[in-house]
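[1] here's a sequence, model it:
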Amino acid sequence: MLRDIQSFWPTQTPGLYLILVSFVFYLIGLMVGRWLKRRIHVELGWTSHVFIASASIIVAARLIEVEFPGESAVGMLAAATATFPINALLRRFLWPLCGYPGEQARIPAFLPQVVAIMVFVFATFFGLAAFYHVTITGLLTGSGVIAIIIGLALQDTLGNIFAGFGLQAGRVYRVGDWLIVDGKHVEVVELNWRSTRFRNNDEVSFDIPNSQLAKATIVNLYFPSRRHAARVRLSVDHRVPPNEVKDAMFQAASAAPGVLRDPPVKVFLIDFAESAVQYEIKFWLMDGRVFPDIIDGVRTNVWYELNRRGIRLAFSTQQIELVRGALVTRRPETDLQLLASQPLFSSLDQIQLDRLALGSRRIRFGKGERIISQGDAGNSMFILAMGKAEVQVERDGRVQPVASLAAGDCFGEMSLLTGEPRSATVLAALDCEVLEIEQETIGILLREHPELAESLSETVVARRSATETQLASAPANGDGPGTDATKEGLLRRLRKFFQL
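    Down below sits the predicted model:
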């Protein structure tokens, strides 16, 4: 019996030592892992326990010089799982030094992913060499066909990876930039090791391989700054003077929402075509997300401005004939009724109203356009024939809506009668059609009938007093000038302005 125990002890003692030492190393590894996770906030997962256990067994076996079945497999497991804590340490200490993750990162967003893969590949080959005595050279030469197959399979992947490195090293674009790729406006959403993800104005995302992008012509609209220019081309009837067309397009594009005031809008005459003159509008914007809306606003404003000035866009001969047949005819009786309903012209007789109607004109404004602007010089007044408008006043840098206008309301009469700047801004809340009465038309009536000046001034003063009360801008203590004094002052200015 004693002989059996003696024969059993020598063979079992190394195994017990291996288990005991492995357990001690495992406890030490757990304490180190817990300290890294809780104190230094290293993101360690369940793979770290596998690494600690397998590495503890291998270290203990090497320390006490004990061999055991499956040693190579355990060593290979330790080498493979070592990549997880290594990458966790890189994410905690190395990548933040480069600004990753974040938009200001100084490295490509997919570089940590590529490094993680390389660490895993290196650890795998290290495990094969250390525990199975298989080197990379031997692996490739011993399996030439497999190496060729793997190389061909990874050709596109490696090409995308290196192309991605090239694009990011050259700072071609970053996440959030708007680009023009293949003639399309797209936003950079994500950069990864294989491809770049984009999103267009339709909120549709798609990926383009990095190797394909490296060969494409990329226009970065946000480099060196977010401010960038856009262009719109239009053809106009060749009989219209170019300077008149340029002025109309400049005014229309400058008033479009989203168009920057600095740098200013520019209009170029591009070419003389067979039946038209081609113009190009260059304007600046900041936000690529609303590019279609800004283009739409510019084109819409240009149509209305050209329509108001009687300037036609160029069409084929057949199209011109169709447009002529569809033109809305002028209805003088409607304009006459509109003028007769205005208190401002209540003192005019039928003949005077007829002359005023013949001297006025109907013009259109699109939704969102400015009919008049506060502070601008004005020599005409308007009667809203169709649509709705909003009156705004700017005070101390703040724009405040003060009134709404409906069909039949008039505005701008002070500028017409005295030539003073516009006191408010009027915006078209809907598509509007207005009847414009210019200074020349009203001047002829006043020179022929000077007595009209007094009735006009009285009506204007009453309207102005009501407006100032609504705006809370008139003196509240009653110390300001009375209605009679204001009327006399307005009458003097009116007669001086029209040289009566």
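
[2] quick one: low-confidence ranges for the stretch 301-450 of the chain?
    315-332 (pLDDT under 70).

[3] ranges for the strands of it?
    Under the criterion DSSP state E, counting those that start in this stretch, the stretch 301-450 of the chain carries strands at the ranges 361-365, 370-372, 380-386, 389-395, 398-405, 410-411, 425-428, 432-438.

[4] how about those strands in TSV, adding mean neighbour count?
    From N, CA and C alone the C-beta is placed, and that goes for glycine too. Shown next, in TSV, are the strands of the stretch 301-450 of the chain (neighbours: other C-beta atoms under 10 Å):
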stretch	mean neighbour count
strand 361-365	19
strand 370-372	20
strand 380-386	21
strand 389-395	17
strand 398-405	13
strand 410-411	22
strand 425-428	22
strand 432-438	21
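
[5] would you turn those into JSON lines with distance to Ala116?
    Putting the strands of the stretch 301-450 of the chain into JSON lines (distance: least, C-beta to C-beta, whole Å) gives the following:
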{"stretch": "strand 361-365", "distance to Ala116": "60"}
{"stretch": "strand 370-372", "distance to Ala116": "57"}
{"stretch": "strand 380-386", "distance to Ala116": "66"}
{"stretch": "strand 389-395", "distance to Ala116": "57"}
{"stretch": "strand 398-405", "distance to Ala116": "54"}
{"stretch": "strand 410-411", "distance to Ala116": "68"}
{"stretch": "strand 425-428", "distance to Ala116": "57"}
{"stretch": "strand 432-438", "distance to Ala116": "62"}
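
[6] of all those, which lies closest to Gly15?
    Proximity to Gly15 (C-beta to C-beta) singles out strand 398-405 among these, at 85.6 Å.

[7] which secondary structure elements does that closest one contact?
    Where contact means 3 or more C-beta pairs under 8 Å, 6 or more residues apart in numbering; DSSP states H and E, strand 398-405 is packed against strand 389-395, helix 452-471.

[8] quick one: secondary structure of Val172?
    coil (DSSP: H, G, I helix; E, B strand; the rest coil).

[9] so how far is Gln212 from the nearest residue to it once chain neighbours are set aside?
    Distance criterion C-beta to C-beta, 6 or more residues apart in numbering; nearest residue to Val172, sequence neighbours excluded, is Ile218 at 6.0 Å. With distances taken as C-beta to C-beta, to the nearest Å, Ile218 is found 11 Å from Gln212.

[10] repeat that for Ser380.
    58 Å.

[11] and if you look at Phe345?
    Per C-beta to C-beta, Phe345 is found 70 Å from Gln212.

[12] do the same with His228
    Distance, His228 to Gln212, using C-beta to C-beta: 24 Å.

[13] which residues of the stretch 251-400 of the chain fall in helices?
    Assigned by DSSP state H, counting those that start in this stretch, the stretch 251-400 of the chain shows helices spanning 291-308, 317-326, 332-340, 350-359.

[14] reformat these as a markdown table; add distance to Leu430 and mean neighbour count.
    Converted to a markdown table, the helices of the stretch 251-400 of the chain look like this (distance: least, C-beta to C-beta, whole Å; neighbours: other C-beta atoms under 10 Å):
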| stretch | distance to Leu430 | mean neighbour count |
| --- | --- | --- |
| helix 291-308 | 13 | 19 |
| helix 317-326 | 22 | 9 |
| helix 332-340 | 18 | 15 |
| helix 350-359 | 24 | 15 |
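
[15] now distance to Leu77 too, for these, in TSV please.
    Rendered in TSV, the data for the helices of the stretch 251-400 of the chain read as follows (distance: least, C-beta to C-beta, whole Å):
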stretch	distance to Leu77
helix 291-308	54
helix 317-326	78
helix 332-340	91
helix 350-359	97
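
[16] now Val59: phi and psi?
    Phi and psi for Val59, reported as degrees, to the nearest 10, are phi -60, psi -40.

[17] tell me the contacts of it?
    Phe25 (C-beta atoms under 8 Å, 6 or more residues apart in numbering).

[18] mind redoing it with 10 Å?
    Taking C-beta atoms under 10 Å, 6 or more residues apart in numbering as the criterion, Val59 is in contact with 21-22, 25-26, 29, 78.

[19] ok, and the most crowded of those residues?
    Among those, Ala78 has the most neighbours (other C-beta atoms under 10 Å), with 23 neighbours.

[20] for Phe345 and Gln212, indicate the residue with more neighbours.
    Phe345 (22 against 14).

[21] separation between the more buried one and Glu458?
    13 Å.

[22] still on that earlier bit, mutual contacts of Ile218 and Gln212, please.
    Overlap of the contact sets of Ile218 and Gln212 (by C-beta under 10 Å, 6+ apart) consists of Val181.

[23] surely Ile58 and Leu77 touch.
    Yes - using C-beta atoms under 10 Å, Ile58 is in contact with Leu77, at 9.1 Å.

[24] overlap of the contact sets of these two?
    Taking C-beta under 10 Å, 6+ apart as the criterion, Ile58 and Leu77 both touch Phe131.

[25] which of the strands of the stretch 301-450 of the chain sits closest to Ile444?
    Closest approach to Ile444 among the strands of the stretch 301-450 of the chain is made by strand 432-438 (10.4 Å; C-beta to C-beta).

[26] paired strands for the closest one, with orientation please.
    In the sheet, strand 432-438 lines up against strand 361-365 (antiparallel), strand 380-386 (antiparallel) (DSSP bridges).

[27] out of these, which comes closest to Lys246?
    Ranking the strands paired with strand 432-438 by proximity to Lys246 (C-beta to C-beta) places strand 361-365 first, at 19.7 Å.

[28] let me have the strands paired with strand 432-438 in JSON lines, extended by distance to Val50.
    Below are those laid out as JSON lines (distance: least, C-beta to C-beta, whole Å):
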{"stretch": "strand 361-365", "distance to Val50": "73"}
{"stretch": "strand 380-386", "distance to Val50": "78"}
